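In: Sequence first, then the predicted structure:
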Amino acid sequence: MRKLAILTFQTLDGVMQAPSVPEEDFSGGFNRGGWARECWDEVMAQVGREAMAEPYDLLLGRTTYELFAASFAGSGEDNPVAARLNKARKYVVTSSPDSLQWQNSEKITGDIVGELSRLKKQDGPLLQVHGSWQLIQTLLANELIDEFRLWTFPVVVGSGKRLFAGGTVPAKFQLTKFETCPSGAFMHFYQSATGDSV
């Protein structure tokens, strides 16, 4: 069995849409993208140290996959973040017939929940989800998440895609790691408290 963790940037009011740049995701009329910029460098250093140093495979929705591929696929070994992402196996949940061009990429289609359950039962490194809001909603609804790796930023945007949208199944989690940044962002990791009811 392998664990599945989501790595998410969110505002104080729980919005995870378009943290890094304004043009990342305008869906739903969202116009407050780039809200994480003031804390970005500190947080990314923390992410590299705490969440991306150990081996992992990526599980991504198609939109996040395309954003990542555009940013990292052409980068060389001199960019350590890109090098780790390029080497990682990337499982991509998609209904698009288009082929996947980024190295080490594999499509997941059809019975998504069944395929993800099968993937978790295999041997291998941690499955780590970045971004991928729609995919996360499916994972939440089907209780497939073992760990939340959350970075919360000191900003409120009022509207947008929230991490915990409708359909979330009640569950308990245990805080396993916490750290702040001088900029006011903070990291908190939660693991599933197996067997505990809400």
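Out: Structure received.

In: any chance you could map the strands in this protein?
Out: Secondary structure of the chain by DSSP state E: the strands cover 4-11, 56-61, 90-93, 105-108, 126-130, 147-153, 173-180, 186-192.

In: and the direction of the helix or strand of the chain with the lowest mean pLDDT versus that of strand 126-130, what angle?
Out: Counting by mean pLDDT, DSSP states H and E, the chain has its least confident helix or strand at helix 80-87, which shows a mean of 87. Interaxial angle of helix 80-87 relative to strand 126-130 (axes from the mean of the first three to the mean of the last three CA atoms, to 10 degrees): 120 degrees.

In: which residue sits closest to the residue most central in space within the chain, ignoring its sequence neighbours?
Out: Centrality entry for the chain: nearest residue to the mean C-alpha point is His130, 2.0 Å, by CA atoms, centre = their mean. Ranked by CB to CB, 6 or more residues apart in numbering and with sequence neighbours excluded, the top spatial neighbour of His130 is Leu7, at 5.2 Å. The C-beta positions use only the backbone N, C-alpha and C, and glycine is treated the same way.

In: For Ser132, see how far away the one you found is.
Out: Leu7 is 10 Å from Ser132, where distance means CB to CB, to the nearest Å.

In: List the buried residues of the least confident helix or strand of the chain.
Out: Buried residues in helix 80-87, counted by 16 or more other CB atoms under 10 Å: Ala82, Arg84, Leu85, Asn86.

In: what's the answer for stretch 83-103, then?
Out: Under 16+ other CB under 10 Å, the buried positions of stretch 83-103 are Arg84, Leu85, Asn86, Ala88, Lys90, Tyr91, Val92, Val93, Thr94, Leu100, Trp102.

In: pretty sure the second one contacts Leu58?
Out: Yes: because the distance of 7.2 Å satisfies CB atoms under 8 Å, Leu85 is recorded as touching Leu58.

In: unless I'm mixing things up, Phe148 is touching Lys3, no?
Out: No: the criterion here is CB under 8 Å, and Phe148 misses it with Lys3 at 11.6 Å.

In: So for the two, which residue has more residues nearby?
Out: Neighbours were counted for Phe148 and for Lys3 using other CB atoms under 10 Å; Phe148 has more, 19 against 15.

In: which residues does the residue nearest to that one when sequence neighbours are not counted contact?
Out: In this structure, Phe148 finds its nearest non-sequential neighbour in Tyr190, 4.5 Å apart by CB to CB, 6+ apart. Shown in contact with Tyr190 (CB atoms under 8 Å, 6 or more residues apart in numbering): Glu147, Phe148, Leu150, Phe173, Gln174, Leu175, Thr176.

In: switch to 6 Å and redo it
Out: The neighbours of Tyr190, taking CB atoms under 6 Å, 6 or more residues apart in numbering as the test, are Phe148, Phe173, Leu175.
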